[in-house]
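Asker: Quick one: sequence and predicted model below, then my questions.
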Amino acid sequence: MKVTLEQIDELRSRVNVSYEEAKHTLEKNDGDLIKSIIELENKKNSKSIRNGNFTSFTNRLLALKMSIKNKEGNTLMDVPLVLVLLTFLMAFWAVIFLLALAILTSCKIKIYRDKNSINVSSLKKNMKETVEKIKVKSEEIIKVEDAAVVESDPEENEIIIE
């Protein structure tokens, strides 16, 4: 079945997709607008569920911490497990040596879930705020520099070679 531009526009207005995706879905469903809307919405919902699963997994991973305490109970190290794993990937022998040293000196190694850990949404929020602050400051700097250029003598900015 041939799909018309009106059908594609109607599908795009109801479900936020590209022309190509709207056309492909309509052709797949023989021009049936309702089937196409349902298919595209199901596809969007599955993407958001996957994103939610990733965020949930990342939050759980960021909450894991590793603590090493000596015989007296003093904390020698308390770091996120992700940092330990990254260090393990980059400096394998150093991590193995330090863990062996901790075991030989009778230190307690504990991996636990920190209740007050950072999460992905707070990281995103902090990054957005920081980017916005940088944007505002850079705009202020550009305005000051533009004002200084306007006030200066135009002949000072010229280079004449004779």
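Answerer: Yep, that arrived.
Asker: Same question for K2, what's its three-state structure.
Answerer: Secondary structure, DSSP: H, G, I helix; E, B strand; the rest coil: K2 is coil.
Asker: Which residue is the nearest non-sequential neighbour of it?
Answerer: Among residues not flanking K2 along the chain, G31 sits closest, at 7.9 Å (C-beta to C-beta, 6 or more residues apart in numbering). Heads up, the C-betas are built off the backbone N, CA and C, glycines and all.
Asker: these two touch, right, that neighbour and E10?
Answerer: No: judged on C-beta atoms under 8 Å, G31 makes no contact with E10 at a distance of 11.0 Å.
Asker: what's the burial count for the residue nearest to K2?
Answerer: Neighbour count for G31, taken as other C-beta atoms under 10 Å: 14.
Asker: Same question for the one 3 residues further on.
Answerer: Per other C-beta under 10 Å, the neighbour tally for I34 reads 9.
Asker: element containing it?
Answerer: Secondary structure assigned from DSSP states H and E places I34 in helix 33-63.
Asker: Now do that helix: which elements does it pack against?
Answerer: Under the contact definition 3 or more C-beta pairs under 8 Å, 6 or more residues apart in numbering; DSSP states H and E, helix 33-63 sits against helix 5-14, helix 19-28, helix 81-90, helix 120-151.
Asker: Poorly predicted segments of this structure, please.
Answerer: Along the chain, segments meeting pLDDT under 70 span 1, 48-52, 147-162.
Asker: Please report how far the residue nearest to the spatial centre of it lies from E132.
Answerer: In the chain, the centroid-proximal residue (C-alpha atoms, centre = their mean) is K124; its distance is 6.7 Å. Distance, K124 to E132, using C-beta to C-beta, to the nearest Å: 13 Å.
Asker: Next, K115: phi, psi?
Answerer: For K115, the backbone dihedrals (degrees, to the nearest 10) come out as phi -70, psi -30.
Asker: Just give me the neighbour total for the closest residue to it other than its chain neighbours.
Answerer: Nearest residue to K115, sequence neighbours excluded (C-beta to C-beta, 6+ apart): A63, at 7.7 Å. For A63, the neighbour count with other C-beta under 10 Å is 18.
Asker: again with E27
Answerer: Neighbour count for E27, taken as other C-beta under 10 Å: 13.
Asker: what's the nearest residue to it once chain neighbours are set aside in contact with, if anything?
Answerer: Nearest residue to E27 in three dimensions, chain neighbours excluded: V3, at 5.6 Å (C-beta to C-beta, 6+ apart). The contact partners of V3, taken as C-beta atoms under 8 Å, 6 or more residues apart in numbering, are K23, L26, E27, G31.
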